[in-house]
Every structure is written in structure tokens, then in C-alpha cells.
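K.L.:
Next input, structure requested:
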Amino acid sequence: MRKRAAALCGAAAVMAGTFAAVPAEASAPSTAPSVHTAKLTWKKCATDAYPTLQCASLKVPLDHRRPRGRQITLALSRVPHTARTYQGPLLVNPGGPGGSGLTLAGFVASALPKQVAAQYDVIGFDPRGVGASKPALDCRPGHFDPVRPNSLPTTPAIERAGLARARSFAAACGRKYGDLLPYIDTTSTVRDMDAVRRALGAERINYFGYSYGTYLGAVYARLFPERVRRLVLDSVVDPTGVWYEANLNQDLAFNDRHRAFLAWVARYDSTYRLGTDPEQVEATWYALRSALAKKPAGGTVGASELEDTFVPGGYYNGYWPRLAEAFAAYVNDNDPGPLIEAYEDLGAVDASGDNGYSVYTSVQCRDAAWPGAWRRWREDSWAVYAKAPFMTWNNAWYNAPCAFWPAPPLRPVNVANGTLPPVLLFQATGDAATPYEGAVTAHRLLARSSLVVEEGGGNHGITLSGNACLDGHLAAYLADGTVPRGYGTVDAVCQALPDPEPAAAEGAKKAGPGSSKGSTLHGLLGFRG
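P.N.:
Predicted coordinates:
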């Protein structure tokens with residue numbers, strides 16, 4: 001989720017190597033079968049990138065309060081352990097809500113040090129409603145087809161058009177999935193995870209989640225603390241902001257991150273020819289937005305689609321060179337081709353995206369109450385827009401179906417927990433999607449957690465992306481439970497990798513060190529979560 005990043009305090013400025021390491025309990029969990037354990041049949045589903053990947057399916061109750069009632073099917077993946085030392089299953093989740101985790105299992109198993117990955121069965125899963133799990137939701141195919149109404153509601157007609165889209169999406173979900181929507185939520189997914197644990201025959205699980213997956217892990221730990229062996233949370237959701245306030249707060253952080261991108265463009269004026277003054281470059285970007293609101297590029301990229309294209313740059317700076325090239329080509333050469341291609345690759349929503357958005361809204365609208373009066377949304381969004389114009393209204397419309405959701409809301413889960421083994425948190429100081437303060441809050445609520453901060457970083461999802469310092473802490477924890485212990489808010493600090501260089505610069509790479517891993521990971525994590 002998104003909120004303005006805060007400066008580190010006290011011990012945060014001290015480098016990671018100065019902290020004492022504290023080994024946590026590291027014995028392997030028992031794998032004795034539990035009662036009512038379903039049998040999993042694993043079959044090969046290898047890809048060129050992940051040749052040892054296996055897949056299975058598991059039936060779970062739609063309503064866990066009625067275990068013998070209607071069943072749904074979860075899709076699972078696995079990279080099995082190969083070492084003699086076995087530390088149990090490591091469940092992984094990419095976030096969202098609505099992200100598919102099947103391929104992530106292969107990535108995590110290949111990106112971890114071999115001797116560490118070999119000790120775990122790395123388990124991916126598509127949460128209920130997602131991807132290969134059945135039934136998979138798709139409330140309104142083509143909901144994001146271009147050209148959408150201008151996200152900025154400067155006239156009553158534009159606002160009415162946005163409201164009509166939000167209402168129609170919520171109504172379509174209710175018509176198609178009215179029997180499912182009361183059971184598409186974080187708590188139900190957490191109970192599915194425990195069913196996976198039982199099916200695997202494990203008394204406890206290890207868990208590694210990114211983004212929304214951090215909230216999923218924290219809720220699992222709250223409901224099943226005795227079932228947690230190790231818990232890694234990367235890019236941490238503020239568990240006290242579920243979900244309306246968190247989305248408003250994101251707008252501020254994404255505006256900061258977008259301005260960081262524009263300042264980067266200004267530093268490379270010799271390449272992009274858009275000016276050396278960041279404010280001048282920013283003014284040019286908003287002028288482009290205004291022009292596209294009147295005449296979409298190629299009849300495809302209007303103002304809303306332009307925002308969709310540049311939002312991924314707030315998640316991952318590896319996209320900056322391509323976005324800058326598209327920006328410059330349109331402004332300097334009146335060439336819409338690179339911008340349209342960037343939209344198609346980074347901003348456009350395909351069938352998988354329709355599914356992801358359907359689950360995203362289903363979970364977020366169900367997890368907690370949202371304002372039912374649109375007047376509240378309007379007032380709050382205009383107030384935030386005055387400080388952060390980049391994506392405030394785009395984000396408001398993205399979440400607006402929650403104002404009309406056909407399933408009643410639950411209460412957010414209080415994830416405060418003092419009974420867990422040591423937990424490891426990772427957070428970048430400039431992360432826009434899950435800002436720094438949220439990680440500090442989670443660190444405080446999870447009594448035995450350690451917080452590792454990437455100082456100066458702005459990417460979302462920071463481990464297994466090429467930062468050796470971060471990955472060293474991750475590997476040590478998964479190897480034997482070692483966690484850093486500091487003396488203030490932060491337990492260890494790693495310096496961020498350099499920003500990328502322009503692709504057009506002689507000898508430059510499109511992204512900085514670790515770009516191959518980073519690009520692969522961010523392709524799996526996706527956006528908006």
C-alpha cells in the first residue's frame with residue numbers, strides 16, 4: 001500500500017554489519033500427517049526457466065465454517081527439496097490481492113542460494129478466485145479497455161461516467177459471483193493456507209510474502225501462531241490502514257516516486273532532451289497528459305492510460321529508461337509508437353489482469369468497510385490531489401467499486417502478535433506501494449520481528465533483486481533462523497542499488513546491478529499491490 005516515506009531515525013543510519021546476529025530456533029519441523037489430510041498428487045509442469053516445477057490441486061471448503069459444504073479448488077506448485085536436511089514447506093505469495101503464485105515458487109527456488117533452497121519444498125499457490133484455481137473470477141471482461149474516461153473528474157459528466165463504470169463493475173461481480181463474494185477475503189485465504197499445510201503433512205510452515213502477501217502472512221500468524229516456523233515479509237503493508245486510508249496514503253508516496261523518476265529524466269537531458277530542471281520536466285509530463293485527454297495517442301492512450309503506463313515506474317525503476325524513451329519520443333518527435341508499445345506492455349490489462357482485478361476488488365472491498373457516501377471519496381481525493389496529482393484520482397476510480405460492493409464488509413484483523421518465533425521484515429525507505437511507516441508499524445506489532453531497511457531504495461519487492469546485502473540477511477534467516485538485532489526502530493540497513501542508466505547511453509544497461517533478477521521478480525509481482 002502507499003504512504004509517504006519517513007526518514008530513518010536513531011540506529012537506522014548504522015550499517016548492517018555493526019549489529020549482533022541472533023540465531024533463532026532452526027530445527028526441522030515434524031512432517032507427521034495431520035488428521036483430515038487431503039492427498040496431493042504432484043505432476044510435472046516444468047518450464048524452460050524452472051525445469052523442476054511440479055503442480056497439484058487441492059479442494060478446500062468455500063466456507064471453512066462448513067467443511068463438508070461446497071468445495072472449491074486451489075492450484076498449487078512446488079519445487080521439491082533436494083538436500084538431506086529438510087526444513088519443511090516454504091509457502092510464497094506475490095501479493096495483489098489477486099496475484100498468481102505458481103511461477104513465483106520456481107523463481108524463489110532458483111534465486112535463493114542453492115544450498116538454502118535445497119532444504120525447502122518451495123510452494124506456490126493461486127489463492128481462491130485467482131488464475132488456475134477454480135472457480136476463477138472475471139467480473140467484467142474488458143473493464144479497462146481503452147479509452148477510458150479521463151480519471152480527473154473536472155466536470156460532472158466525467159465524474160458521472162466514472163461512477164457508472166464503478167457501479168457497473170460491482171453489479172457485474174454481484175450478478176456473476178454473488179454466491180462467492182462473501183468468501184473472497186484475506187481470512188478465507190489464510191484458512192486455505194492452513195489447509196495447504198495440512199495437505200502437505202507439515203505441523204508448521206515457513207512463509208515468504210511480498211506486498212499484500214505480507215498482510216496475508218501477518219493474518220495467518222495471528223490466526224495460527226503455533227503453525228508458524230519462519231516468516232519473511234518483504235515490502236510491508238501497514239496492517240492498521242486496511243484498506244481505504246492505505247490507498248489514500250499511497251497517492252502521496254506514488255507522487256514522490258513519480259517526481260523522482262522525472263528528476264532522473266532531467267539528469268539525463270543529453271539523452272532525453274526534456275530539460276535539466278525537474279520542475280520543467282514535470283510540467284511537460286502534465287502537459288502531455290492534458291493533450292492526451294483531448295486526443296489519445298493512436299486512439300489508444302488517453303490520460304487514464306498514460307497514468308496506467310507510468311504507475312509501474314513507481315514500483316520498479318528498471319522501467320524508467322523505457323518510460324523516458326516513450327515520453328521523449330512523443331514530446332520531441334511527435335512519435336506515439338513507443339508510448340503505445342509501453343502502454344501495451346506495462347499498462348494494458350489482459351484476461352489475466354481482469355481476473356487479478358476482480359479478485360483485488362473482491363478482497364479489498366470485503367476485508368474492511370469503505371465509505372458508502374461518494375461525497376466522502378470526492379472530498380478526500382481532491383484534498384490529496386492538491387498535494388499529489390500523479391495518481392490520486394486514477395487510484396480512486398480503481399478502488400471505487402468498493403463504494404457499491406454487493407457483499408457486506410468484515411472487520412480488519414488486528415495482527416499484533418507476541419507469540420511468534422523471530423520474524424524478518426524488509427522495507428525500502430522510498431517504496432511507494434507499501435511505504436516505510438507501514439513496515440515500522442508492523443515491526444512494532446510483531447513483537448519478535450527484525451526490520452532490515454534498504455536505505456535510499458524506492459522499489460517495491462527488494463529481496464532476490466540483486467542486492468547482496470538484503471539477500472544475505474534473507475539467506476541467513478532461511479538457513480538457520482539468524483536475524484539481525486539493532487537498538488532502535490531498525491535492526492539492519494543495506495544501501496540501495498544505483499538507479500538505472502539510459503538505455504541509449506553508450507555501454508549502459510537498461511537497469512542497474514541485479515537488473516535481470518529484478519526484472520523477472522517484478523514481472524511476477526505485477527502492480528497495484
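K.L.:
right, and the helix or strand after the helix or strand of the chain with the lowest mean pLDDT?
P.N.:
Lowest mean confidence among the helices and strands of the chain (mean pLDDT, DSSP states H and E): strand 20-22, at a mean of 44. Next helix or strand after strand 20-22 toward the C-terminus (DSSP states H and E): strand 43-44.
K.L.:
which residues are contacting the helix or strand that that following strand is followed by?
P.N.:
Downstream of strand 43-44, the first helix or strand assigned by DSSP H and E is strand 54-61. Applying CB atoms under 8 Å, 6 or more residues apart in numbering, the external contacts of strand 54-61 come out as 38, 40-45, 67-80, 102, 128, 191-192, 195-196, 199. Yep, even glycine has a C-beta here, placed from its N, CA and C like the rest.
K.L.:
Alpha carbons only: can I get strand 54-61 in PDB?
P.N.:
Provided in PDB are the C-alpha atoms of strand 54-61 (Å, rounded to 0.1, in the frame of the first residue of the first chain):
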ATOM      1  CA  GLN A  54       5.600 -29.600 -10.200                       C
ATOM      2  CA  CYS A  55       1.800 -28.900  -9.900                       C
ATOM      3  CA  ALA A  56      -1.100 -30.200  -7.900                       C
ATOM      4  CA  SER A  57      -4.600 -29.200  -6.900                       C
ATOM      5  CA  LEU A  58      -6.400 -29.200  -3.500                       C
ATOM      6  CA  LYS A  59     -10.100 -29.000  -2.700                       C
ATOM      7  CA  VAL A  60     -11.000 -26.700   0.200                       C
ATOM      8  CA  PRO A  61     -14.300 -25.600   1.600                       C
END
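K.L.:
for that strand, what is the average pLDDT?
P.N.:
On average, the pLDDT along strand 54-61 is 98.
K.L.:
Starting from that strand, tell me which strands it pairs with and how they run.
P.N.:
strand 43-44 (antiparallel), strand 71-79 (antiparallel) (DSSP bridges).
K.L.:
List the buried residues in the last one.
P.N.:
Meaning strand 71-79. 72-79 (16 or more other CB atoms under 10 Å).
K.L.:
With stretch 405-425 instead?
P.N.:
So stretch 405-425, judged by 16+ other CB under 10 Å, has buried residues 405-407, 409-410, 412-413, 415, 417, 420-425.
K.L.:
can you check stretch 253-262 too?
P.N.:
For stretch 253-262, by 16+ other CB under 10 Å, it's 253-262.
K.L.:
Quick check: which ranges of this protein have low pLDDT?
P.N.:
Across the chain, the ranges flagged by pLDDT under 70 are 1-37, 504-515, 528-529.
K.L.:
Is the closest residue to T41 other than its chain neighbours bridged to anything, and to what?
P.N.:
Nearest non-adjacent residue to T41, counting by CB to CB, 6 or more residues apart in numbering: A56, 5.8 Å away. With DSSP bridges as the criterion, A56 is bridged to L76.
K.L.:
what's the burial count for A56?
P.N.:
21 (other CB atoms under 10 Å).
K.L.:
Tell me how far it lies from G213.
P.N.:
20 Å (CB to CB, to the nearest Å).
K.L.:
what does L231 give?
P.N.:
For L231, the distance to G213 - CB to CB - is 11 Å.
K.L.:
When those two are compared, which one has more neighbours?
P.N.:
Remark: of L231 and G213, G213 carries more neighbours, 31 against 26, as counted by other CB under 10 Å.
K.L.:
List the residues that contact that one.
P.N.:
92-96, 99, 233.
K.L.:
at 6 Å what do you get?
P.N.:
When contacts are counted by CB atoms under 6 Å, 6 or more residues apart in numbering, G213 is found next to 93, 95.
K.L.:
how far away is it from D234?
P.N.:
Where D234 is concerned, G213 sits at a distance of 8 Å (CB to CB).
K.L.:
Check I184 too.
P.N.:
In terms of CB to CB, I184 sits 24 Å off from D234.
K.L.:
Settle it for me: which of the two has more neighbours?
P.N.:
D234 (30 against 27).
K.L.:
does the closest residue to the more buried one other than its chain neighbours sit in a helix, a strand or a coil?
P.N.:
Of all residues beyond its chain neighbours, the one nearest D234 is F426 (4.4 Å), with distances taken as CB to CB, 6+ apart. Assigned by DSSP: H, G, I helix; E, B strand; the rest coil, the conformation of F426 is strand.
K.L.:
and F426, how far is that from E325?
P.N.:
31 Å.
K.L.:
Repeat that for Y286.
P.N.:
The separation that Y286 has from E325, given CB to CB, amounts to 19 Å.
K.L.:
Please say which of these two ends up with more neighbours.
P.N.:
Neighbours per residue (other CB under 10 Å) separate Y286 from E325, with E325 holding more: 20 against 12.
K.L.:
Please name the residues that touch that one.
P.N.:
P338.
K.L.:
and it, that's in a strand?
P.N.:
No. Under three-state DSSP, E325 sits outside any strand and is assigned helix.
K.L.:
can you count the residues close to K176?
P.N.:
K176, neighbours per other CB under 10 Å, totals 16.
K.L.:
what about it, which helix or strand?
P.N.:
Per DSSP H and E: helix 156-177 holds K176.
K.L.:
In that helix, which residues are buried?
P.N.:
Going by 16+ other CB under 10 Å, helix 156-177 has these buried residues: 158-159, 161-163, 165-166, 169-170, 172-173, 176-177.
K.L.:
from those, which is closest to Y244?
P.N.:
A166 (14.3 Å; CB to CB).
K.L.:
who touches that closest one in this structure?
P.N.:
A166 sits in contact with 400-401, where contact means CB under 6 Å, 6+ apart.
K.L.:
G298 and E341 touch, don't they?
P.N.:
No. Using CB atoms under 6 Å, G298 is not in contact with E341; the gap is 10.0 Å.
K.L.:
who has more neighbours, these two?
P.N.:
Between G298 and E341, counting by other CB under 10 Å, E341 is the more crowded of the two (15 against 11).
K.L.:
for the helix or strand the more buried one falls within, packing partners?
P.N.:
Taking DSSP H and E as the criterion, E341 maps to helix 337-342. On a contact count with 3 or more CB pairs under 6 Å, 6 or more residues apart in numbering; DSSP states H and E, helix 337-342 meets helix 320-333.
K.L.:
Mind listing what's buried along the helix it packs on?
P.N.:
Buried residues in helix 320-333 (16+ other CB under 10 Å): 320-331.
K.L.:
Verify the stated contact: L152 with M391.
P.N.:
No. Using CB under 6 Å as the test, L152 is too far from M391 to be in contact (10.7 Å).
K.L.:
Who has more neighbours out of those two?
P.N.:
Of the pair L152 and M391, M391 is the one with more neighbours under other CB under 10 Å, namely 24 against 21.
K.L.:
In contact with that one, which residues?
P.N.:
254, 307, 311.
K.L.:
Tell me the spacing between the residue nearest to it when sequence neighbours are not counted and A388.
P.N.:
For M391, ignoring the flanking residues on the chain, the nearest one in space by CB to CB, 6+ apart is F254 at 5.0 Å. Counting by CB to CB, the gap from F254 to A388 is 7 Å.
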